[in-house]
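Asks: Structure of the sequence below:
(2 chains)
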Amino acid sequence: EPEVTQTPSHQVTQMGQEVILRCVPISNHLYFYWYRQILGQKVEFLVSFYNNEISEKSEIFDDQFSVERPDGSNFTLKIRSTKLEDSAMYFCASSPLGGADSYEQYFGPGTRLTVT
Amino acid sequence: GDSVTQMEGPVTLSEEAFLTINCTYTATGYPSLFWYVQYPGEGLQLLLKATKADDKGSNKGFEATYRKETTSFHLEKGSVQVSDSAVYFCALPSRTGGFKTIFGAGTRLFVKA
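Replies: So this is what the prediction gives:
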C-alpha cells in the first residue's frame, strides 16, 4: 500500500541553524501538508500546498518557514533559523483532493526535531 | 470556526474493558469525521471515518457513529487489548476555507494486562 515517507526520523540542531525536513507524498496525490505536534500537545496545521503554491497557512507558519516541491516527488519544509520552541514532531501529509469532505489525509511517520 | 473537543485523558483500563472516548465538534455544515490513532513512537494512522450523519465508521473493533443532533462522534470498543494503548485523535476537515484537518487535543489510552 502506498505511504507517505519522511526523512530524517530524528533531527537534532542548534538554535539559529537552518533545517530542511523532507517528505515524499503518495505519488498520485495533489495536495500536500505539514503539521506540527509539540510533545504532549495537539496536532497543529502549518501549511497546505497545491499546484506549486501555498493554499493556506496558519499563524504559526511565519517568515521563518518555507515549503517547496523541488522535483516531482519531494516536498520539503525549511526552517531558516530554528528556535527552541520549534522542537516538535513534524508530520507531512498528502491527499488526492483537497477540500472535499470525504478525502482524508495520509500522514507520514513524522520527523522529530530537537533544537538545542 | 470549526473545532473539535474530546475528553481529556489519560484513560486507564484493564484488558477486556469497554472503552468510550467522547468527541464533540463545531462545524459549518456536515463535514466528514475521523478518528486517528498514534501508537507510541509512530505517526498518525486513520482508524475510522464517517462521511455523513448516522453513518457508523468501524475498524479493528472500534466504532463511532456520526450524531448530527448531538454533534458527537464518540469512539467505542467493546473489549480493549493492551495493544490498543495509544493516543486517539478526533478530527474533521476544515470547511472554513483552505484544506486542513482540525484535530482534537488527543486522548491517551493505557490498557493494563
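Asks: Might you enumerate the residues of chain B proximal to chain A?
Replies: For chain B, the residues in contact with chain A (CB under 8 Å from any CB of the partner chain) are B:31-32, B:34, B:36, B:42-46, B:49, B:51, B:89, B:93, B:95, B:97-106. Using the backbone N, CA and C atoms, a C-beta is placed for each residue, glycine as well.
Asks: Show me the shaky parts of chain A.
Replies: Where chain A drops to pLDDT under 70, the residues are A:98-103.
Asks: Need the residue closest to the centroid of it.
Replies: The centroid of chain A falls nearest to A:W34 when counting by CA atoms, centre = their mean (2.8 Å).
Asks: For chain A, give the residue positioned nearest to chain B.
Replies: When scored by CB to the nearest CB, chain A has A:E56 as its residue closest to chain B, at 3.0 Å.
Asks: so where does that residue fall, helix or strand?
Replies: Assigned by DSSP states H and E, A:E56 belongs to strand A:53-57.
Asks: for chain A, what spans make up the strands?
Replies: Ranges of strands in chain A, per DSSP state E, are A:5-7, A:10-13, A:19-24, A:31-37, A:43-50, A:53-57, A:65-68, A:75-79, A:88-95, A:106-107, A:111-115.
Asks: Partner strands of the last one and their direction?
Replies: Applying DSSP bridges, strand A:111-115 is found paired with strand A:10-13 (parallel), strand A:88-95 (antiparallel).
Asks: Convert the C-alpha atoms of the longest one to PDB, please.
Replies: Just to be clear, that refers to strand A:88-95. What follows is strand A:88-95, C-alpha atoms only, in PDB (Å, rounded to 0.1, in the frame of the first residue of the first chain):
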ATOM      1  CA  ALA A  88       8.300  19.200  17.900                       C
ATOM      2  CA  MET A  89       7.200  16.300  15.700                       C
ATOM      3  CA  TYR A  90       6.600  17.400  12.200                       C
ATOM      4  CA  PHE A  91       4.100  15.400  10.100                       C
ATOM      5  CA  CYS A  92       3.800  15.600   6.400                       C
ATOM      6  CA  ALA A  93       0.500  14.500   4.800                       C
ATOM      7  CA  SER A  94      -0.900  14.200   1.300                       C
ATOM      8  CA  SER A  95      -4.400  13.800  -0.200                       C
END
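Asks: Next, the angle from it to strand A:19-24.
Replies: For strand A:88-95 against strand A:19-24, the angle by axes from the mean of the first three to the mean of the last three CA atoms, to 10 degrees is 30 degrees.
Asks: residues in contact with strand A:88-95?
Replies: A:4, A:6, A:21, A:23, A:25-26, A:29-39, A:43, A:46, A:75, A:77, A:103-108, A:110-113, B:43-44, B:99, B:101 (CB atoms under 8 Å, 6 or more residues apart in numbering or on different chains).
Asks: hmm, try it at 7 Å
Replies: Identification of contacts with strand A:88-95 by CB atoms under 7 Å, 6 or more residues apart in numbering or on different chains yields A:4, A:6, A:21, A:23, A:25-26, A:29, A:31-38, A:43, A:75, A:77, A:103-108, A:110-113, B:43-44.
Asks: now swap in stretch B:21-30 and tell me
Replies: B:2-7, B:11, B:33, B:52-53, B:68, B:71-75, B:88, B:90, B:92, B:95-96, B:104, B:107.
Asks: swap in stretch B:73-87?
Replies: Against stretch B:73-87 from outside (CB under 7 Å, 6+ apart): B:13, B:15-23, B:25, B:33, B:35, B:37-39, B:50, B:61-64, B:66, B:88, B:90, B:106-111, B:113.
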